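J.: next one to model:
(one chain, ligands or ions: 1)
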Amino acid sequence: MLESINEFFKPVVAEHSVAVAVTLSVIGLTVVVLRVRRVNLRRDGMDYKGTAADVLKIMKNSDFEAHKDKDVHSSVSEYASLFTGARASVGRISTDASIKTRQANYQKLVTNFYDLVTDFYEYGWGQSFHFGPRWQGESFVESIKRAEYHLCSRLGLKPGMRVLDMGCGVGGPMRNMAIFSGAKIDGITINEYQVSIGNKYNAQRGLADQCQARQGDFQNLPWPANSFDAAFAVEATCHSPDKRMCFSEAFRVLKPGGLFGNYEWIVTDKFDASNPEHTRIKEGIEVGNGLPTLATAEQVLAAVRAAGFEVLDAYDANADVHSPHQIPWYEPLTGKLSWSGFRMTWLGRIMTHAFVTVLEAARIAPTGTGKISGILNATAIDLVEGGKAEIFTPSFFFVARKPDL
Ligand SMILES: C[S@@+](CC[C@H](N)C(=O)[O-])C[C@H]1O[C@@H](n2cnc3c(N)ncnc32)[C@H](O)[C@@H]1O
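T.: Now for the predicted structure:
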């Protein structure tokens with residue numbers, strides 16, 4: 001832990017000594033308060049207001065308290081073992097053997113990953129765990145919702161339809177899309193903790209009859225054939241160990257003529273596997289996000305077609321990421337300071353990391369929590385680098401159709 005403190009603090013202490021001293025005092029005081037106080041989250045979407053201190057709410061809310069009995073330290077170690085050699089030596093986790101190990105262990109990999117990061121994601125990003133193209137003048141939240149409403153429009157969602165969300169997280173997209181379209185949405189996530197939080201949010205927002213999350217694997221969906229009018233996935237099937245099998249499941253549960261829309265994480269045509277810098281960034285994204293390996297657009301579309309779908313449209317929604325009219329999808333992760341999004345910035349992340357590390361030392365946060373925050377900090381940099389170089393996009397969009405009988 002001391003190593004991790006050093007690593008993150010050396011440059012900060014040198015340049016921002018007053019800010020660091022103030023932060024540490026605040027941390028010390030809040031730790032004392034926290035040891036006796038439990039925080040009740042309202043789960044109305046307003047719990048995290050954008051300050052680094054909100055991390056306290058994660059550590060002391062009743063859901064986290066129950067969930068943290070899981071051995072976080074072992075989950076981190078188990079997770080790390082699936083990425084042996086990552087970051088230490090470029091190319092080590094791109095070997096067939098390394099990828100196969102993660103593909104074979106995907107359930108453990110993804111479940112552990114989301115046990116570890118779900119609260120951090122929610123605190124840092126909100127209830128929708130995805131990126132989106134953003135126009136100048138558009139707020140972060142508007143851009144996230146626009147990506148979701150875009151899906152609604154491309155899938156023609158409307159009242160009376162039954163829709164599947166594959167890899168629903170804590171259900172941010174599911175709820176926004178249900179409110180927008182009037183459709184009923186079933187979500188599935190492999191992570192039990194997300195199900196319990198997601199369904200609390202559904203009830204809290206008056207959507208319990210319209211939105212339902214359940215635990216399960218999108219490689220083997222627990223619904224009979226022809227159950228849904230439409231299906232979608234938002235930045236989730238990047239975790240699939242076998243996209244053809246995953247998309248075949250979407251195909252099976254869709255009614256004939258049903259549409260499947262997806263935002264996929266891919267490496268773009270600019271990615272060059274023989275360029276060590278590109279491979280370093282790609283591997284950093286994989287280890288920091290619980291991915292077996294990143295695919296190309298061609299590989300994704302080949303899997304969609306192999307599953308039986310007709311591809312109606314496919315493009316990178318971030319193709320114009322560096323147009324003067326757009327704000328890059330990765331911008332919230334860069335160092336630019338904005339008070340509303342402070343916790344996502346470089347300094348905000350450092351302060352969060354400091355907080356978590358101290359909370360761990362004070363035994364408020366479980367052992368290993370500091371490592372998680374470190375993993376997320378490191379991969380934020382990879383995502384920004386991948387986005388800047390345009391070798392990676394989280395928003396490769398496609399819409400595909402299950403042919404009529
Ligand atoms: C980046 S999150 C996106 C969540 C959600 N779509 C959103 O945008 O807020 C990826 C999600 O995929 C889920 N997931 C990954 N692999 C899965 C699998 N094999 N079966 C079901 N869900 C899975 C994770 O549990 C997580 O909820």
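
J.: near the ligand, which residues of the chain are found?
T.: 110, 114, 128-130, 167-169, 172-173, 188-191, 194, 217-219, 234-236, 239 (Cβ under 6 Å from any ligand atom). For glycine as for every other residue, the C-beta is placed from the backbone atoms N, C-alpha and C.

J.: and those residues, which of them are buried?
T.: 110, 114, 128-130, 167-169, 172-173, 188-191, 194, 217-219, 234-236, 239 (16 or more other Cβ atoms under 10 Å).

J.: which residues does the spatially most central residue of the chain contact?
T.: What sits nearest the mean C-alpha location of the chain, by Cα atoms, centre = their mean, is F129, with 4.3 Å. Contacts of F129 were listed using Cβ atoms under 8 Å, 6 or more residues apart in numbering, and they are 121-122, 169-170, 172, 235.

J.: filter the buried ones among the residues of the chain next to the ligand down to the ones in helices?
T.: The helices, defined by DSSP state H, take in 110, 114, 172-173, 194 from those.

J.: quick revisit: angles on the backbone of the residue nearest to the centre of the chain, please.
T.: phi -90, psi 60 (degrees, to the nearest 10).

J.: my guess is Q299 meets S240, correct?
T.: No: Q299 lies out of contact with S240 (Cβ atoms under 8 Å); the separation is 11.4 Å.

J.: more crowded one of these two?
T.: Comparing Q299 with S240 by other Cβ atoms under 10 Å, the one with more neighbours is S240, at 26 against 16.

J.: what about the closest residue to the more buried one other than its chain neighbours, which SS state?
T.: Sequence neighbours aside, C246 is the residue nearest to S240 in space, at 4.1 Å (criterion: Cβ to Cβ, 6 or more residues apart in numbering). Under DSSP: H, G, I helix; E, B strand; the rest coil, the three-state class of C246 is helix.

J.: show me what contacts C246?
T.: C246 neighbours (Cβ under 8 Å, 6+ apart): 166, 218-219, 237, 240, 303.

J.: what about 7 Å?
T.: By Cβ atoms under 7 Å, 6 or more residues apart in numbering, C246 lies in contact with 218-219, 237, 240.

J.: same check on L82?
T.: Contacts of L82 by Cβ under 7 Å, 6+ apart are 101-102, 105, 109.

J.: need the longest strand for this protein.
T.: strand 254-267 (DSSP state E).

J.: I'd like to know which elements it is packed against.
T.: helix 140-155, strand 228-234, strand 295-296, helix 297-306, strand 392-401 (3 or more Cβ pairs under 7 Å, 6 or more residues apart in numbering; DSSP states H and E).

J.: can you give me the buried ones in that strand?
T.: 254, 258-267.

J.: now do stretch 268-286
T.: For stretch 268-286, by 16+ other Cβ under 10 Å, it's 268, 271, 278-286.

J.: next one: it to chain centre, how far?
T.: Chain-centre distance of stretch 268-286: 20 Å, with Cα atoms, centre = their mean, to the nearest Å.

J.: same thing with stretch 102-109?
T.: 17 Å.

J.: neighbouring contacts of it?
T.: Outside stretch 102-109, the residues touching it (Cβ under 7 Å, 6+ apart) are 78-79, 82, 190, 217, 239, 241, 290, 292.

J.: put the alpha carbons of that stretch into PDB.
T.: Extracted C-alpha coordinates of stretch 102-109, given in PDB (Å, rounded to 0.1, in the frame of the first residue of the first chain):
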ATOM      1  CA  ARG A 102      -9.300 -15.200 -19.800                       C
ATOM      2  CA  GLN A 103     -11.800 -16.600 -22.200                       C
ATOM      3  CA  ALA A 104     -12.100 -19.800 -20.200                       C
ATOM      4  CA  ASN A 105     -12.400 -17.900 -17.000                       C
ATOM      5  CA  TYR A 106     -14.600 -15.100 -18.200                       C
ATOM      6  CA  GLN A 107     -17.300 -15.600 -15.600                       C
ATOM      7  CA  LYS A 108     -14.900 -15.300 -12.700                       C
ATOM      8  CA  LEU A 109     -13.100 -12.400 -14.500                       C
END
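
J.: nice, that's everything, thank you.
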